[in-house]
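1. Give me a model of this one.
(chains A and B)
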Amino acid sequence: MSWDYVLELIKNILVTQTGMPNLLIKQVIMMLVAFFFLYLAVGKKYEPLLLVPIGFGIFLVNFPLAPLMGYTEHGNPELLRAFYRYGVEWEIIPPMIFLGLGAMTDFGPLIANPKTLIVGAGAQLGVFITYIGTLFFGFTLKEAASVAIIGGADGPTTIYLTAKLAPQLLGANALAAYSYMAMVPLIQPPIMRLMTTPDQRRIKMRQLRPVSDREKLLFPLIAAILIIILIPAVAPLMGMFMFGNFMRECGVVKRLSETAQHSLMNIITILLGLSVGATMKAEVFLSWKPLLIFGFGLMDFIVCTFGGILTVHIMNFFLKEKINPLIGSAGVSAVPMAARVSNSEGLKAVPTNFLLMHAMGPNLAGVIGSAAAAGMFIAMFQ
Amino acid sequence: MRKIDFIFLSKDHMLWLFCLLLILILNPCRSWATFGEDREKPKPVFTRKDDKITAKLLPRAKNTSVLIDFEVSGAKLIEVQGMDFEEADRPEVNHKDFKSALFMIEIEALSPGGEAKVSITSDFFIRSTQYWIFNQNLETAWMDSKAQNLDRLDQVQELVIKVKDGGPFDSDGTENGRIIMLGGPKDSFWGYALGTLFIRYFGIFIVLSILMLGMIFSGKIFQYLEGKKAKALSKPAPQSAPVEKAEKPDVSNKGISPEMATAIAVALHLHFSGLRSSGPMHVSRLRPTAWTQQGRAQIMSERLLMYNRDKR
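-> Okay, here's the model as predicted:
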């Protein structure tokens, strides 16, 4: 055995079996992007439950030759590809997240004040404005719809719609949605102050009426009937959401409800985060499109906040009992962050003006509104 | 809030900008080329049954495939093929307007200079759908065929185009008893995008308004039923019924709790100190104390836990 042979062997091993010679600058950049999102999650605590698995998914998938997002010789999906294929491509994970969210949600404030549903609809303004904006920049109709839904501030809805219409944008859309959701306390207050006068911010709202258990129990059934009959395309999301809520309110399946809220939700969150992160390979992500998506996502959030507050102003023209326009901004989904922002802004105007419970109404309406918008978009392409 | 403002204006912002710049610098400008990549290019598959050829394709901006039937009267339909838009791309047209691909229709067995009627039918067409013809031998390569758009049963529209051998719609340009017609159905992209946008945005209002009305209605019923139930419970027992002896609270074995003792002591203190004071006791209701605010904040935080969805 000569030295040449040994050197040749070492060279072959290095080239074919290690990642080092195959590492590209693009992949290094993507790893830096992954570190950035991990920093946001760990250092800044921005949506850590999602950004940690997404960031780690980006980190893992950008290693050269790593058998994660491809297929084996026998055609079986590799680890992260399997998560993505069976979870996201088969549209299982987003509805399951809605199941958990339904089990976590108390619809009491919305039931007590159903008028706030209109605020949830008004706050979808940004979704449609962004849709037009992205079309001007050369996005296809399907891509435009998937980018526009970011403003609905609902992560699972964004992922569900994007996986269905424009899977090539999944990573960028999901990241934009979750990043901006985490930044709601930074994005919304300036717009809220800009769109309201000090007097309007001081409006005190009447205590919400108590909602009986029976009413809460029947709400998911009534809502599911009305929404799914009108927009059948939204059945997977709304059906699971209302099922989760029914489990919570019926009180006889406490174990199932708790599993949906905790264990199931946590497992699915890990799988979803890794799957979304794994779609962000350097060759897909490093282009102008994700940058534009981040830009449009921000605009989307701003216009949605604007739309929610504007809707309250319009409603106040017709209502005897005025609504504090600060709760309009909670019409973007982002539960409960957006409601908390409304509450804190209300307290700044008057230290005794607690708006949290009032803002929860439009906040929950925003969840339904963004799911309805997603359903409208899905129906559009059927 | 000042702290948040500080964060927004400093590190995070700078990091974002740095990342964007890095990607912009390292990413070559050819990315714009991929930007216009036609991901939705329709790829029709053709089947023939007698004199009818059917194209099955996934049009632009659709998730479900559609069928387009081609028939000819006055001549024989030889073949229909799909055509790549790039071959016919001109500044005056946009590929997004041609949702269902371009076709090359070949017709034969008509007398030289003769005329045939091409019928193109689909439930994908609407009343405003036009059929545009491409002929690169003409000065203006693209033209509207002025096809008749006819309503058929089951929401099917039929486009009927008169085409003359050797005429402007015939790409070979010669009277040879054979017609090659290039073109495709055209719908306004922006008209569709804006129209559907308007309808769908107001659709959300309609859906949520219906839900709101449903909830208001059911809420009224529940409030009525609850009120009725509460009334029935608060009704006094009938006169004739024997008056139940009120049970005396058994306090003999239970001592007074420390909280109760404190409350009684405070009440007695306030009562007697109030009697002694010459002026009315002043309690500021407008400015809650720090203690009150802390208590309220704690209550609100506890309520908030109920809605904590950070786990998603």
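2. roughly how far is stretch A:360-378 from the heart of the chain?
-> When distances are taken as C-alpha atoms, centre = their mean, to the nearest Å, stretch A:360-378 is centred 11 Å away from the chain's centroid.
3. Output the lowest mean pLDDT helix or strand found in the chain.
-> In the absence of a named chain, this looks at chain A. Scoring the helices and strands of chain A by mean pLDDT, DSSP states H and E places helix A:282-285 at the bottom, with a mean of 81.
4. hm, I was asking about chain B
-> The helix or strand of chain B with the lowest confidence, counting by mean pLDDT, DSSP H and E, is helix B:31-35 at a mean of 39.
5. Pull out the buried positions in the least confident helix or strand of chain A.
-> For helix A:282-285, the buried set under the neighbour-count rule, 16 or more other C-beta atoms under 10 Å in any protein chain shown, comprises A:282, A:284-285. Backbone N, C-alpha and C define where each C-beta goes, glycine included.
6. Please see if it touches chain B.
-> No. Helix A:282-285 stays clear of chain B (C-beta under 8 Å from any C-beta of the partner chain), getting no nearer than 8.8 Å.
7. And that helix, what does it pack against?
-> Packed against helix A:282-285, as judged by 3 or more C-beta pairs under 8 Å, 6 or more residues apart in numbering or on different chains; DSSP states H and E, are the following elements: helix A:25-42, helix A:170-182.
8. after it comes which helix or strand?
-> Moving toward the C-terminus from helix A:282-285, the next helix or strand (DSSP states H and E) is helix A:288-318.
9. continuing past that next one, what's the next helix or strand?
-> helix A:337-349.
10. What's the mean pLDDT across whatever helix or strand comes next after that following helix?
-> Elements were assigned by DSSP H and E; along the chain past helix A:337-349, the next helix or strand is helix A:356-380. Averaging pLDDT along helix A:356-380 yields 90.
11. is it true that A:K45 lies in a strand?
-> No. A:K45: not assigned to a strand; according to DSSP: H, G, I helix; E, B strand; the rest coil it is coil.
12. what are the phi and psi values for it?
-> With angles defined as degrees, to the nearest 10, A:K45 shows backbone torsions of phi 60, psi 40.
13. Report how many residues lie close to it.
-> Neighbouring residues of A:K45 were enumerated by other C-beta atoms under 10 Å in any protein chain shown; the total is 11.
14. Report the separation between it and B:L213.
-> Going from A:K45 to B:L213 by C-beta to C-beta, to the nearest Å gives 41 Å.
15. What's the separation between A:L208 and A:H358?
-> Note on A:L208: its distance to A:H358, by C-beta to C-beta, is 7 Å.
16. Need the overlap of contacts for these two.
-> The contact sets of A:L208 and A:H358 overlap at A:109, A:113 (C-beta atoms under 8 Å, 6 or more residues apart in numbering or on different chains).
17. Return the residues of the stretch 201-350 of chain A in contact with chain B.
-> By C-beta under 8 Å from any C-beta, the part of the stretch 201-350 of chain A that sits against chain B consists of A:209, A:212, A:214-215, A:218-219, A:222-223, A:226-227, A:230-231, A:261-262, A:265-266, A:269, A:286-289, A:291, A:335-336, A:339-340, A:343-344.
18. Separate out the buried members of those residues.
-> By the neighbour-count criterion of 16+ other C-beta under 10 Å, these include these buried positions: A:212, A:215, A:218-219, A:222-223, A:226-227, A:230-231, A:261, A:265, A:269, A:286-289, A:291, A:335-336, A:339-340, A:343.
19. show me the contacts for the closest residue to A:G19 other than its chain neighbours.
-> Spatial nearest neighbour of A:G19, excluding adjacent residues (C-beta to C-beta, 6 or more residues apart in numbering or on different chains): A:P64 at 4.2 Å. For A:P64, the contacting residues are A:19, A:22-24, A:27, by C-beta under 8 Å, 6+ apart.
20. which one of the residues you listed is nearest chain B?
-> For chain B, the nearest member of those is A:L24. The distance, counting by C-beta to the nearest C-beta, is 10.8 Å.
21. picking that back up, compare neighbour counts for A:L208 and A:H358 and give me the winner.
-> With neighbours defined as other C-beta under 10 Å, A:L208 and A:H358 compare such that A:H358 has more, 28 against 16.
22. got a list of what the more buried one touches?
-> Applying C-beta under 8 Å, 6+ apart, we find A:H358 in contact with A:109, A:113, A:116, A:205, A:208, A:323-324, A:327, A:342.
23. For the residues you listed, pick the one with the most neighbours.
-> Scoring those on neighbours with other C-beta under 10 Å, the highest-scoring entry is A:I327 at 32 neighbours.
24. Touching, it and A:P362? I think so.
-> Yes. Counting by C-beta atoms under 8 Å, A:P362 is a contact partner of A:I327 at 5.5 Å.
25. of all the contacts of A:P64, which two lie farthest apart?
-> When the contacts of A:P64 are compared pair by pair using C-beta to C-beta, the two farthest from each other are A:G19 and A:L24, 10.3 Å apart.
26. can I get the CA coordinates of the helix or strand containing A:I267 in PDB?
-> Secondary structure here is read from DSSP H and E; on that basis A:I267 sits in helix A:263-278. Output for helix A:263-278, consisting of C-alpha atoms alone and laid out as PDB, is shown next (Å, rounded to 0.1, in the frame of the first residue of the first chain):
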ATOM      1  CA  SER A 263     -48.900  17.400  25.100                       C
ATOM      2  CA  LEU A 264     -50.300  17.300  21.600                       C
ATOM      3  CA  MET A 265     -49.700  21.000  21.000                       C
ATOM      4  CA  ASN A 266     -46.100  20.700  22.100                       C
ATOM      5  CA  ILE A 267     -45.400  17.700  19.900                       C
ATOM      6  CA  ILE A 268     -47.000  19.300  16.900                       C
ATOM      7  CA  THR A 269     -45.200  22.600  17.500                       C
ATOM      8  CA  ILE A 270     -41.800  20.800  17.500                       C
ATOM      9  CA  LEU A 271     -42.700  19.000  14.200                       C
ATOM     10  CA  LEU A 272     -44.100  22.100  12.600                       C
ATOM     11  CA  GLY A 273     -41.100  24.300  13.500                       C
ATOM     12  CA  LEU A 274     -38.600  21.800  12.300                       C
ATOM     13  CA  SER A 275     -40.600  21.200   9.100                       C
ATOM     14  CA  VAL A 276     -40.900  24.900   8.300                       C
ATOM     15  CA  GLY A 277     -37.200  25.500   9.100                       C
ATOM     16  CA  ALA A 278     -36.200  22.600   6.900                       C
END
